[in-house]
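> Just need the structure, nothing else, for what follows:
(chains A and B)
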2 protein chains.
Amino acid sequence: MSYRAPVGEFRFILDEVVPLAPVAAEARFAEATPETVEAILTEAGRMCDTALAPLNRAGDLHPARLENGVVRATPGFADAYRTIAEGGWIGLAAGPEHGGMGLPQALNMAVNDMMSGACLALQLNPLLSQGQIEALEHHASPEMQALYLPRLISGEWSGTMNLTEPQAGSDVGALRSKAEPRGDGTYAITGQKIFISWGDSDITANVCHLVLARLPGAAAGTRGISLFMVPKYLPDADGNPGAANSLKVVSLEHKMGLHGSPTCVMAFEGATGFLVGAENRGMAAMFTMMNNARLAVGVQGIGVAEAALQKATAYAAERAQMGVIAGHPDVRRMLATMRADVFAARSIALACAVALDMARAAGGADWAARAAFLTPIAKAFGTEVGIRVSETGVQVHGGMGYVEETGAAQFCRDVRVTAIYEGTNGIQALDLVGRKMADGGEAAFRLLQEIEDGAEDARARLPDLAGKVWAAAETLREATETLLAQDMPDRSAGAVAYLMAFARVLGAHYHLRAALADPTREKLARVYILRLLPHYAAHLVEARAGLGDLSALSDADLGL
Amino acid sequence: MSYRAPVGEFRFILDEVVPLAPVAAEARFAEATPETVEAILTEAGRMCDTALAPLNRAGDLHPARLENGVVRATPGFADAYRTIAEGGWIGLAAGPEHGGMGLPQALNMAVNDMMSGACLALQLNPLLSQGQIEALEHHASPEMQALYLPRLISGEWSGTMNLTEPQAGSDVGALRSKAEPRGDGTYAITGQKIFISWGDSDITANVCHLVLARLPGAAAGTRGISLFMVPKYLPDADGNPGAANSLKVVSLEHKMGLHGSPTCVMAFEGATGFLVGAENRGMAAMFTMMNNARLAVGVQGIGVAEAALQKATAYAAERAQMGVIAGHPDVRRMLATMRADVFAARSIALACAVALDMARAAGGADWAARAAFLTPIAKAFGTEVGIRVSETGVQVHGGMGYVEETGAAQFCRDVRVTAIYEGTNGIQALDLVGRKMADGGEAAFRLLQEIEDGAEDARARLPDLAGKVWAAAETLREATETLLAQDMPDRSAGAVAYLMAFARVLGAHYHLRAALADPTREKLARVYILRLLPHYAAHLVEARAGLGDLSALSDADLGL
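Below you'll find the model as predicted:
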């Protein structure tokens, strides 16, 4: 049993659940015709099935290695990477000026979902390039764009993000890397960065590091951070990789999973860097990059969940224990809830992508606010679903799930990091109840209105399901009002629970839409609304609880 | 930061929450005085801290290996095993006639909890011996007992359970291994067994396999299964290991975790076996062994959860990101809910053990029924808590949690199998709503009455908490009645949800007791009742849902 890209599922969601049509109706995305969408999804799906999926286990068994200062990728990854690059998939959403396809993020995320399901460790490499492309498109000078963008988009070079330092993880503002102006327009970058995914490899001719560092005399915290391009090889006059820069990979981490993706400790030792954007405005540039990256990490979780679902389904269809186990109620429950959750998370992620596309193509603060609001939900819920579904996948396999040869356990180990990187899910939740509700909850209430309107539309055909979704949205509205009245410590204590509740209700909304559009989908919607939605209420009890019970606990009570 | 056995926690629970006093008041357990309990816990705890915990990572890094047909254990395991054996811990609950201490299971489970937290992979070895000791005490002839029990109890020899075959996992009745009578009272055992934990090693002088096999002409299914003792070396006239038996380890599994525990494929090739108990009554004997083993596996989950909690707590106390992270509301929430869940699961497991002890010492069908009812809950919830808490432990560590050197990820990988072996958690739930409710729900209703009575007792002092627990118990009572009226397929579809709901409510009951006994515990009880208990309601919605929505899904709807 191998991975099959769920092309039809994307078509259905983009046709019926979170329609791409309004995006394609905008001039900017006029090329995203139904025929193009169909062709893109089919072609990308075929690549994932044939070129990427067969490498997934190799990535686990033969991790990237550090040899004489160079990272050697898993055997086979270089060829598969070239297949991705030659398909144009790295620049699917990049601007056409530098070789991108200029297509919507919604389509890009669908392709990323498939690539993640096929081989997460490899997919992370082009994903980081995509983030870098976006950051350069927004913040780099035309000269830097002309030099780097074509090479990143073609896949000739790859890109990385260098934020984290040993003392600066979630607290990015604590970073200490330094950038000294040399007087010739370049900067000498010095410092150590950790957790740098694909910080080096032998599969691209150059590796372009975007590095956060401090200029002399810069303010403390996030206001004193600037962004630099620090390439592994300094481009020569023709734009070819020239002299080696003063940077190196110190070591690779031994991780729980995602072995095929080298996670590097990087040392910058007076490396030559080029300022991106304005001095001390590095965090703003990083946020451009991070918002899409966060959505994309949510999508990674969904892609792995899809792969885990497929593997568990195939096993359950074959394995006989008192009849084929797929016929046993409890196994059927697991398969059905896995499937229902994947649909919910995928719809949320694509709704976020469509909002991004609309904001970019049509403008309008509402779309931008919606995208911003949905981003932490898509990230945290998508990765949570990745973890839950892959874990249930192991359970469906029974003892075989715990044996590595089966592949079910690898999904669990690989996807686990998605709840941590690009901002832990706890950080996503704080972002949601903090920055993303600083509008007084307007984006939240707009979404809730849409959910309630959707339930009203469904009431005639699916009264019981519609009633449950409407009631959940109403309870969520009340909880949102409660949260808005809380101070930040109280809100923070309930943030993860609030995010989970919102995701649960949104998922039900999209299931209801699916059931209305296609009556054969009503059955899965019913599974979701009966078995998964109800936890929203428990989450909201916690969300409303505030900090009280937690602050009552002394350090001693917690063994601190 | 290393593991510290939570000795005080066991004392508190056994003093105040699920009192051991009634057990110690029975003649059979008269030796379980408070002084003995204190001494046992302290001594075992010290051993776990100093001899076992330092080996946990070695087990992960240096898995047991198969060399020339012999399993070589992780370096250091042999010495630590001897320390366990010499402490008498293997036979803590075994009968004194053959060298056991004859102490209550409640105490044995406390010690197993500590050993699991310190080094799960090694602890599994003596745990399997404990299961074998129990089976032999109940079903073996006096001669067999005299030969094997002293050596198993002293730890000179170890024991294994050989049930699973490639086609016979959850469906034990499908097993095909054969036992041919040789006419001399022995049997020739032939067949392949898989997933045999500690199926061989170089740390004991002999390995005693309890093997399920079929006699010629035996009935199909579980009624035609007999149990045999098949030692690696046939004991000579002096009871020393003699001629090698015709059995071998074919291979070891590569597992997600628990690397220090060799999981063997065993081949029996006309090996000499000795019948244990009556012909065709092997399943009954196996069930004796499995019921305690199931509780013990739940306890393994709790032990690992404790270790993961300790590691996360220590990290959160040290790691500074905008202040020490233990001060951040969301991190505090994680630490507090982890702690609250460990307490709940541990109390449930010890309540089950106390019921077992009372059934054995005082007799009475009520205690036996309670132990039987609590066993699948203790197993499934204990292991679920093991998985959840160790996963949250990784999350508390952020990126460091994904790096293996930290040790947080190993807990996740190691504990994962506990939800699978000794009957998957799905099988536990089916046992709960099936066999364990075949009494018309009497054991369930008795427990619910105790919970409601407890809430009434607490109402004066803790009215809000008591009210919530009482209401939850009442809802659970109604759901229990609904389930009892369902046919088995409907009940099966809601089985896991029902089990989880019952565990959640029971956990609240014990937290309430703890808060009444010690006012400083009220704070943690409040965290549990506010943040964890409320999910019972969602579980009960699912439990009541029956099979309807699942059976409506066709195979095609599920991608089958």
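> And the pLDDT for the residue sitting furthest away from the middle of chain A?
No residue in chain A sits farther from the centre than A:M322, which is 40.3 Å out by C-alpha atoms, centre = their mean. In this model, A:M322 is scored at 93, pLDDT.
> Could you look up the SS state of it?
Following DSSP: H, G, I helix; E, B strand; the rest coil, the label given to A:M322 is coil.
> What is the neighbour count of the nearest residue to it once chain neighbours are set aside?
Counting by C-beta to C-beta, 6 or more residues apart in numbering or on different chains, A:M322 lies nearest to B:D171, which is 4.9 Å off, once chain neighbours are set aside. Yep, even glycine has a C-beta here, placed from its N, CA and C like the rest. Using other C-beta atoms under 10 Å in any protein chain shown, B:D171 is surrounded by 16 other residues.
> Repeat that for A:R176.
13.
> ok, the residue positioned nearest the centre of chain A - contacts?
By C-alpha atoms, centre = their mean, the mean C-alpha position of chain A lies nearest to A:V297, the distance being 1.5 Å. Contact analysis of A:V297 by C-beta atoms under 8 Å, 6 or more residues apart in numbering or on different chains lists A:K379, A:G382, A:T383, A:T418, A:Y421, A:E422.
> Next one: the third one from B:G398, what distance?
Same thing as A:T383. Taking C-beta to C-beta, to the nearest Å as the measure, A:T383 falls 14 Å from B:G398.
> what's the longest strand in chain A?
Assignment by DSSP state E gives strand A:263-276 as the longest strand of chain A.
> Averaged pLDDT, whatever helix or strand comes next after that strand. What do you get?
Using DSSP states H and E, the helix or strand that follows strand A:263-276 towards the C-terminus is helix A:282-318. Averaging pLDDT along helix A:282-318 gives 94.
> Show me the contacts of A:V297 that map onto helices.
A:K379, A:G382, A:T383 (DSSP state H).
> give me phi/psi at the closest residue to A:P75 other than its chain neighbours?
Closest residue to A:P75 apart from its sequence neighbours, by C-beta to C-beta, 6+ apart: A:H62 at 6.0 Å. Backbone torsions of A:H62, given as degrees, to the nearest 10, read phi -120, psi 80.
> residues in contact with A:H62?
A:T74, A:P75, A:H259, A:G260.
> And it, how close does it get to chain B?
14 Å (C-beta to the nearest C-beta, to the nearest Å).
> thinking again about what came up before, pick out whichever of the contacts of A:H62 sits closest to chain B.
A:H259 (10.6 Å; C-beta to the nearest C-beta).
> so what's the closest one closest to, chain neighbours aside?
Going by C-beta to C-beta, 6+ apart, A:H259 has A:P63 as its nearest residue, at 3.8 Å.
> tally of neighbours for the one you found?
Neighbours around A:P63, by other C-beta under 10 Å: 20.
> A helix includes it, no?
No - under three-state DSSP, A:P63 falls outside any helix and is assigned coil.
> Just confirm it contacts A:G257, I think it does.
No - in this structure, A:P63 is not within contact of A:G257 by C-beta atoms under 8 Å, at 10.3 Å.
> Distance check, the residue nearest to A:H259 against A:N125.
In terms of C-beta to C-beta, A:P63 sits 14 Å off from A:N125.
> can you check A:G546 too?
Distance from A:G546 to A:N125, by C-beta to C-beta: 43 Å.
> Which residue of the two possesses the greater neighbour count?
Neighbour count, other C-beta under 10 Å: between A:G546 and A:N125, A:N125 has more, with 29 against 21.
> Give me the pLDDT for the closest residue to that one other than its chain neighbours.
Nearest residue to A:N125 in three dimensions, chain neighbours excluded: A:W198, at 4.7 Å (C-beta to C-beta, 6+ apart). The model reports A:W198 with a pLDDT of 98.
> okay, now the closest residue to A:L175 other than its chain neighbours: neighbour count?
Spatial nearest neighbour of A:L175, chain neighbours left out: A:A168 (4.0 Å); criterion: C-beta to C-beta, 6+ apart. Using other C-beta under 10 Å, A:A168 is surrounded by 19 other residues.
> Could you report the pLDDT at A:A168?
At A:A168, pLDDT is 94.
> And it, how far from A:G282?
A:A168 is 13 Å from A:G282, by C-beta to C-beta.
> again, but for A:R182
18 Å.
> one step back: which residues sit in contact with the residue farthest from the centre of chain A?
If you count contacts by C-beta under 8 Å, 6+ apart, then A:M322 has A:H328, B:S170, B:D171, B:A174 around it.
> can you map out the strands along the stretch 101-250 of chain A?
A:157-162, A:178-181, A:187-197, A:206-213, A:226-231, A:233-235, A:241-244, A:247-252 (DSSP state E, counting those that start in this stretch).
> starting at the chain centroid, how far to the first one?
For strand A:157-162, the distance from its own C-alpha centre to the chain's C-alpha centre is 16 Å (C-alpha atoms, centre = their mean, to the nearest Å).
> Restrict that strand to CA atoms and write it as CSV.
Provided in CSV are the C-alpha atoms of strand A:157-162 (Å, rounded to 0.1, in the frame of the first residue of the first chain):
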residue,chain,number,x,y,z
TRP,A,157,19.2,27.3,-4.8
SER,A,158,17.3,26.6,-1.6
GLY,A,159,16.3,28.9,1.3
THR,A,160,16.3,28.6,5.1
MET,A,161,15.1,30.6,8.0
ASN,A,162,17.6,31.4,10.8
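> need the contact list for A:E165.
A:A174, A:L175, A:R176, A:S177, A:G191, A:Q192, A:K193, A:I194.
> how close does it get to B:G99?
From A:E165 to B:G99 the distance is 58 Å (C-beta to C-beta).
> Indicate whether stretch A:149-161 makes contact with chain B.
No - using C-beta under 8 Å from any C-beta of the partner chain, stretch A:149-161 never reaches chain B; the gap is at least 13.3 Å.
> how long is that stretch from one end to the other?
Criterion C-alpha to C-alpha, to the nearest Å; first-to-last residue distance in stretch A:149-161 is 15 Å.
> I'd say A:N291 and A:P376 touch.
No - using C-beta under 8 Å, A:N291 is not in contact with A:P376; the gap is 9.4 Å.
> The two: which is more packed in?
A:P376 (30 against 21).
> The more buried one: helix or strand, and which one exactly?
Counting by DSSP H and E, A:P376 is part of helix A:365-397.
> Taking helix A:282-318 as reference, get the angle to that helix.
40 degrees (axes from the mean of the first three to the mean of the last three C-alpha atoms, to 10 degrees).
> Could you confirm whether the helix or strand following helix A:365-397 reaches chain B?
Counting by DSSP H and E, the next helix or strand C-terminal to helix A:365-397 is helix A:399-402. Yes - against chain B, helix A:399-402 shows contacts by C-beta under 8 Å from any C-beta at A:G399, A:G401, A:Y402.
> Spit out the contact partners of the first one.
Taking C-beta under 8 Å, 6+ apart as the criterion, A:G399 is in contact with B:T164, B:G169, B:I194, B:F195, B:I420, B:Y421.
> next one: A:G260
Contacts of A:G260 (C-beta under 8 Å, 6+ apart): A:55, A:58-60, A:62-64, A:73-74, A:77, A:119, A:121-122.
> mind running it again at 10 Å?
A:55-64, A:73-74, A:76-77, A:119-125, A:198, A:414 (C-beta atoms under 10 Å, 6 or more residues apart in numbering or on different chains).
> Excluding covalently adjacent residues, which one is nearest to it?
A:G59 (2.4 Å).
> and that neighbour, how many residues sit next to it?
27.
> just to revisit the earlier point, could you dump the contacts of A:H62 to CSV with secondary structure and pLDDT?
Listed next are the contacts of A:H62 as CSV, based on DSSP: H, G, I helix; E, B strand; the rest coil; pLDDT from 0 to 100:
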residue, secondary structure, pLDDT
A:T74, coil, 98
A:P75, coil, 98
A:H259, coil, 98
A:G260, coil, 98
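> Now the two most distant members of those.
A:P75 and A:H259 (12.7 Å; C-beta to C-beta).
> who has more neighbours, those two?
Using other C-beta under 10 Å as the criterion, A:P75 and A:H259 rank with A:H259 on top: 22 against 12.
> Quick check: that one touching A:A73?
No - the criterion here is C-beta atoms under 10 Å, and A:H259 misses it with A:A73 at 11.1 Å.
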